[in-house]
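J.: Here's a sequence, model it:
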Amino acid sequence: QLQLVESGGGLVQPGGSLRLSCVDSGSALDYYTVGWFRRAPGKEREGVSSISRGGESTNYADSVKGRFTISRDDAKNTVFLQMNSLKPEDTASYYCGVSSVPIATIDNSDFGAWGQGTQVTVSS
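T.: All right, here's what the predicted structure looks like:
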């Protein structure tokens, strides 16, 4: 049974970096496409990035392209989201989820087994 746990969030100044981790303590993430999503106060959850099974393909929202990088270490059951050049508009709770869709989709409806989230706040 999948049990996703996100970590790595925090308070950072604009232009700073954070690396988020999504660990599966239950089953094995390597069977799934894994995605990162975020929800800002008063907004809908939106797709940020995803990585397909085996890391063959990745996908990014236009708002984070060139700044965020997703990767996976299946030996450690972990997916990372490296976030650079952070902006105040990146402030949100970040969640990871899994999908059986074999491509790197960032459609909310394709994902489930959400973790509890980790808060990212970008502020000076």
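J.: from memory residue 46 sits against residue 60, does it?
T.: No. Using Cβ atoms under 8 Å, residue 46 is not in contact with residue 60, being 11.9 Å away. (Glycine included, C-beta is placed from N, CA and C.)
J.: Between the two, tell me which one has more neighbours.
T.: More neighbours surround residue 60 than the other of residue 46 and residue 60, with 19 against 14 (other Cβ atoms under 10 Å).
J.: ok, what's across the strand from the more buried one?
T.: Beta-bridge pairing of residue 60 under DSSP bridges involves residue 49.
J.: Start the count at 28 instead of 1 going forward.
T.: Shifting the count to begin at 28 puts that one at residue 87.
J.: how much space between it and residue 58?
T.: Residue 87 is 22 Å from residue 58, where distance means Cβ to Cβ, to the nearest Å.
J.: Also residue 142?
T.: Residue 142 is 17 Å from residue 58, by Cβ to Cβ.
J.: Based on its surroundings, how many neighbours for residue 77?
T.: 29.
J.: how about it, what does it touch?
T.: 60, 61, 62, 63, 85, 86, 97, 126, 131, 132, 133 (Cβ atoms under 8 Å, 6 or more residues apart in numbering).
J.: ok, now residue 133?
T.: 62, 64, 74, 75, 76, 77, 86, 87, 88.
J.: In contact with the residue lying closest to it once chain neighbours are set aside, which residues?
T.: In space, and not counting its chain neighbours, residue 133 is closest to residue 74: 2.8 Å by Cβ to Cβ, 6 or more residues apart in numbering. By Cβ under 8 Å, 6+ apart, the contact set of residue 74 is 62, 63, 64, 86, 88, 132, 133, 134, 135.
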